[in-house]
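# When you get a sec, could you give me coordinates for this:
(chains A and B)
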Amino acid sequence: MTGSEILELGGSTARVSTPLLFAALGGWVSERSGVINIALEGLMLVGAFAAASCAHVTGSPWMGALGGMMAGAALAGVYAFTVIPLRANQVVAGTAINMLAAGITPLLGAYLFDSTSGTPSLPASARFHSAPIWIGVAVVGLGWVWTRYTRTGLWVRFAGENPEALDAAGVRVARVRWVAVLVSGALAGMGGSSLSIFLASSFSRDMTAGRGFMALAALIFGKWKPVPAALACLLFGFFDALQIRLQGLSFGNGLPIPVQFIQVLPYAVTILVLAGFVGKSSAPKALGM
Amino acid sequence: MKKNSLESFAPFAVEMKGIRKAFGGCVASRDIHLQVKAGSIHAIVGENGAGKSTAMKMLYGMLKPDAGEIWIRGEKRRWRSPQDAIRAGIGMVHQHFMLAGPYSVLENIILGDEPRLALGWIDRKAAREKLEALSARYKLTLPWDQEVAALGVGMQQRIEIIKLLYRNASILILDEPTAVLTPQETAELFVQLRRLRDEGKTVLLITHKLKEVLELSDEVTVFRGGEVVGHRLTQNTNADDLATLMVGRKVNLRAEVPPPPQLGEAVLQVPELGFEVRAGEIVGIAGVEGNGQSELLAGLPRGFAGFIPEDRHREGLLLDRPVSESFVLGHQRRKPYGHRFCGIWMLDRAAIETEYARAAEEYDIRPRSPQVNARDLSGGNQQKVIFAREMGLRGGKAPELLVAAQPTRGVDVGAIELIHARMIQVRNEGTGVLLVSSELEEVMALSDRILVIYGGKIVARFARGEADEHKIGFYMGGGVA
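Down below sits the predicted model:
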């Protein structure tokens, strides 16, 4: 591999890691507060759809990202409502949110753009070129500082670790979790936005393709800490970038390797990493309760 | 809120007047009257379910009374939540500590009341200064930056106490604070509580250990069946008096334990720990919980031995089934509980219920009905069911070996009396008994030999009467001679 190829692979890794990074941070905020967030996938998906739609209408990627974040937060609000006041099972409710997102995006697409398969293609001026990468890095740093040094950050940590203690200290646990889940939705929505208006130039149906779950895996692999989780996103992103580069490769005898085998690479790495390297007991103690 | 300024004497720190609380149809507190002098240590004693925790929860704003009044320092108050009580200077150390293990001592203390700079930034320097000042004043030092999980129980409790002081509490409620402490830690806690009292704080101590009441408190209020049944100045009372009030009848606190008649052969050998239990003796394992007792119990042979499990809800009972089923649990394939029919073992409900009725009579299990679910029995009665099952019914003969783990945990005094008497009785009949208990008093009262377990090893051995609790406590805390 030449130097420029390595550089290119590095740049490509940074780009494809960005959606994962936002979603993993979203998952991190939610799970630190004690709410499992399996809905990341669906939150990303509506974020991707809303971002592409808003960017299409306004012509501005920033308005697109704003729309994506708001859509993510809105759907996260539905999720929060089912699991916080109504105390629904978080895994089941999260799965339902994912199904809802998978269904509602083509429905809205049909309604708005007369197409169930995606949104109209965006001109370069309505897309991001590198901003999400830098925003992502900044958000990791901010998140780290926030939980360590501010009182609301402290509350989020306690909400996931010992909600009774937080309650006894006079802070309403439900309110902390609500905010955490909404922020989580906005971040996952931003992750979706960076898929549809940064990596791609439109929304296409089910375009998240499991990235929400991969972000969750990165969060777990990173032991629910922002910086290690971000590094795990980079790892998964690297294999995704590698996968893209390896497409078209052939076996020794000239027969092309089926592209599906290559595309499976990042997912296989996710499974291996989760199965092989994750110790237990680093999860927030009150997670899912 | 009117002030009764006409009164010339200092108002009570806490006064509860005619407090009543019912859950559904069940009255947990009826007509509670309680007066606590400012700057005193006031013990609240009573058996499990006597309503002392319910009363304290109302005082702390966790529960709302249905009727009655709460007065704090001469002012009538009404709480909407614990927050109101905290603002009025009331603090509570719960039995289960309200701490988050992975976070620092400092973070755990300041939670919810963080000194802050702009943007919600926590002012750690200010927090630390305030804590240093408190710790100097009350002589309570702690490693502020340590993570809580790395500290022992005694230290964690100290965090809880400082938490209250940090919030300027002047009335401190402690719920069974010594349950998890070694005798040394308990002694240290008492020193701290006396110091707090001398600094003008009012301490309310919920406990069922009469010895501690007599040692520490200035006054005592006794609860029974949701009511206050007595109030005493500690100097004017004694353990027998308090126990009689608590139970409502005369209780024999010190079971007379005659020397073992004759030691038989070893019925249990545990070479890994280097001890054996012989027929006709009670061997007590003393130790703070978590020092290998559970592992010891898990490794013992079942089958031939009677076994009183540590956690009766999980290991001893079918909570949501009729209690008669719990009563035959593990012995159900035995006559007369059933018979073989075409090669299949069929349970005989009528026979089971008849046997249960007999046992319920013998052990005074209330209610007597075999049909109530095990969950609906009190802790003491649940334990009696397990005892009846494990002790009696192998052809009417007591088992060769009885393993009793925490046999009186969460059990009322009346049942404790019965259970202790039964253990001594079977010992006299030639059963070897292994008693594992974190209640040192219980171990000392019953055991013919005492082994102290610490860090998974037996670190000391004593014969009956050979060591006092300070000596045993020294080894329980990991002390090396």
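# would B:Gly112 count as being in a helix?
No - using DSSP: H, G, I helix; E, B strand; the rest coil, the assignment for B:Gly112 is coil, not a helix.
# okay, now it: neighbour count?
B:Gly112 is flanked by 20 other residues according to other C-beta atoms under 10 Å in any protein chain shown. All C-beta spots, glycine's among them, are computed from the backbone N, C-alpha and C.
# Angles on the backbone of it, please.
Here is the backbone geometry of B:Gly112 (degrees, to the nearest 10): phi 90, psi -10.
# my guess is it meets A:Val171, correct?
Yes - B:Gly112 lies in contact with A:Val171 (C-beta atoms under 8 Å); the separation is 5.0 Å.
# what's the overlap in contacts for these two?
Taking C-beta atoms under 8 Å, 6 or more residues apart in numbering or on different chains as the contact criterion, the common neighbours of B:Gly112 and A:Val171 are A:Trp155.
# what's the nearest residue to the residue of chain A found nearest chain B if we skip its chain neighbours?
Using C-beta to the nearest C-beta, A:Ala169 is the residue of chain A that sits closest to chain B, at 2.8 Å. Distances taken as C-beta to C-beta, 6 or more residues apart in numbering or on different chains put B:Gly112 closest to A:Ala169, at 2.8 Å, once the chain neighbours are dropped.
# Check B:Val267 too.
B:Val267 sits nearest to B:Gly432 (C-beta to C-beta, 6+ apart), 3.9 Å away.
# Is the one you found in contact with B:Leu401, as I believe?
Yes - with contact defined as C-beta under 8 Å, B:Gly432 reaches B:Leu401; the gap is 4.9 Å.
# Now the common contact residues for the two.
Common neighbours of B:Gly432 and B:Leu401 (C-beta under 8 Å, 6+ apart) are B:Val267, B:Leu268, B:Val277.
# Just give me the closest of the residues you listed to A:Ser201.
Nearest to A:Ser201, judged by C-beta to C-beta, of the shared contacts of B:Gly432 and B:Leu401 is B:Leu268 at 76.2 Å.
# residue furthest from the geometric center of the chain?
Reading this off chain A. Centroid-distance maximum for chain A: A:Asn253 at 39.6 Å, with C-alpha atoms, centre = their mean.
# Chain B was what I was after
Farthest-from-centroid check, chain B (C-alpha atoms, centre = their mean): B:Cys342, 49.4 Å.
# Name the residues of stretch A:261-281 that are buried.
Judged by neighbour count using 16 or more other C-beta atoms under 10 Å in any protein chain shown, the buried positions of stretch A:261-281 are A:Ile262, A:Pro266, A:Tyr267, A:Val269, A:Thr270, A:Val273.
# quick one: contacts for whichever residue of the stretch 51-200 of chain B sits closest to chain A?
Taking C-beta to the nearest C-beta as the measure, the stretch 51-200 of chain B has B:Gly112 as its residue closest to chain A, at 2.8 Å. B:Gly112 makes contacts with A:Trp155, A:Leu166, A:Ala169, A:Gly170, A:Val171, as judged by C-beta under 8 Å, 6+ apart.
# Helix, strand or coil: sort out A:Ala174 for me.
Three-state assignment for A:Ala174 (three-state DSSP): helix.
# Tell me the secondary structure at B:Gly264.
coil.
# That one touches B:Gly430, doesn't it?
Yes - using C-beta under 8 Å as the test, B:Gly264 is close enough to B:Gly430 to be in contact (6.0 Å).
# can I see the domain layout of chain B?
Chain B breaks down into these domains under automatic domain parsing: B:14-247, B:254-305+B:399-481, B:313-397.
# Mind putting those into JSON lines with distance to A:Gln90 and mean pLDDT?
Listed next are the domains of chain B as JSON lines, based on distance: least, C-beta to C-beta, whole Å; pLDDT from 0 to 100:
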{"stretch": "domain B:14-247", "distance to A:Gln90": "20", "mean pLDDT": "90"}
{"stretch": "domain B:254-305+B:399-481", "distance to A:Gln90": "31", "mean pLDDT": "86"}
{"stretch": "domain B:313-397", "distance to A:Gln90": "25", "mean pLDDT": "86"}
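# Format those domains as TSV; extra columns: distance to A:Ala215.
TSV is the format used below for the domains of chain B (distance: least, C-beta to C-beta, whole Å):
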stretch	distance to A:Ala215
domain B:14-247	23
domain B:254-305+B:399-481	38
domain B:313-397	37
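# Residue 56: neighbour count?
This is for chain A. Here the number of neighbours of A:His56 (other C-beta under 10 Å) works out to 21.
# oops, I was thinking of chain B
B:Met56 has 21 neighbours, counted by other C-beta under 10 Å.
# which element is it on?
Counting by DSSP states H and E, the element that carries B:Met56 is helix B:52-59.
# Going toward the C-terminus from that helix, what's the next helix or strand?
strand B:67-72.
# Given that next one, what are its sheet partners and their directions?
Partner strands and pairing direction for strand B:67-72 (DSSP bridges) are strand B:14-23 (antiparallel), strand B:75-77 (antiparallel).
# so which of those is the most packed in?
Comparing the strands paired with strand B:67-72 by mean neighbour count (mean count of other C-beta atoms under 10 Å in any protein chain shown), strand B:14-23 ranks first with a mean of 18.
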